[in-house]
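Visitor: Any chance you can model this:
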Amino acid sequence: MSDRKTVEQVLGFLISLGVHNFSLSGMFLCSEDVTYEQLDSQLRDSEPMLKFIRHPGAIRVAFSSMQHFPEPKAARLRYSVLKFLERLTSHSHRNHAILTTLDLIGPLLDLYYFSAGGEPAIQMSKPERQAVLRLLRRLLELGSDTHVARTMFRRAVNQDETLNGEILELWRAGVKTRWPEHMSMEASAAVSVPTKSRGLPSGGFTFMLWLRIERLPTEHSQNLF
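Guide: From the prediction side, this is the model:
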């Protein structure tokens, strides 16, 4: 990721692996003088090719590689990755939920906080900070762990004991969490619908349960459903 000659192509391959669609492998290839508006347009053109996240680890690697992007390409590549992740969250609730399991909220919070002048300061453009903020808000809709919550509380108070309005806004977004913890049903998982049913709604449905496992299998795998 630190090689100027190959960073766009390698990043495209990682994203393509993550969503299992290699038609996206060239989505980060663009001219050196590209504008943020042109990047937004390019991402919108790629949106019909977005699929479900199949290999979350590849998405996590792409995100964590942002710190290695070479100059002068670093800013536009970071922006593209952040906007791409935001569009993934909007594509489906499953994608949204998977991204919350990749521990992105903590690093995103650091980016947003230190780019505002915290020590050590991180240099980011205004469009980048806005992209970080939008993605943070989306991920916080599904909640965060205790460690991240404590960090947000600490950073809501500045060193001079005044309140940090930007962090407070994020904190307010986090307390409005609407979704409970969930599980994703894949592969052979299924929901059995009675034959007398008139059919499932075209927009899908929500399936929730409370599950208590008293003893885990020790000799071989077991089917829960």
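Visitor: Report the contact partners of the residue most central in space within the chain.
Guide: Centroid-nearest residue in the chain, with Cα atoms, centre = their mean: Leu99, separated by 4.2 Å. Shown in contact with Leu99 (Cβ atoms under 8 Å, 6 or more residues apart in numbering): 53, 56, 59, 85, 88-89, 139. Every residue, glycine included, has its C-beta placed from N, CA and C.
Visitor: what's the neighbour count on Glu166?
Guide: Around Glu166 there are 15 other residues, counting by other Cβ atoms under 10 Å.
Visitor: Which residue is the nearest non-sequential neighbour of it?
Guide: Excluding the flanking residues, the one nearest Glu166 by Cβ to Cβ, 6 or more residues apart in numbering is Ala116, at 6.4 Å.
Visitor: swap in Gly106?
Guide: Distances taken as Cβ to Cβ, 6+ apart place Val148 nearest to Gly106, at 5.2 Å, with adjacent residues excluded.
Visitor: List the buried residues for stretch 43-53?
Guide: Within stretch 43-53, the residues scored as buried using 16 or more other Cβ atoms under 10 Å are 43, 46, 50, 53.
Visitor: which intervals of the chain have sub-threshold pLDDT?
Guide: Residue ranges of the chain with pLDDT under 70: 117-121, 177-188, 191, 193-202, 204, 217, 219, 221-225.
Visitor: could you show me where the helices are in this protein, in order?
Guide: Here the chain has its helices, by DSSP state H, at 7-19, 36-46, 56-64, 74-91, 93-100, 105-114, 126-140, 146-155, 165-174.
Visitor: can you tell which of those helices is closest to Trp210?
Guide: Evaluated with Cβ to Cβ, those place helix 93-100 nearest to Trp210, the distance being 17.5 Å.
Visitor: Could you check the angle the closest one makes with helix 126-140?
Guide: In terms of direction (axes from the mean of the first three to the mean of the last three Cα atoms, to 10 degrees), helix 93-100 departs from helix 126-140 by 110 degrees.
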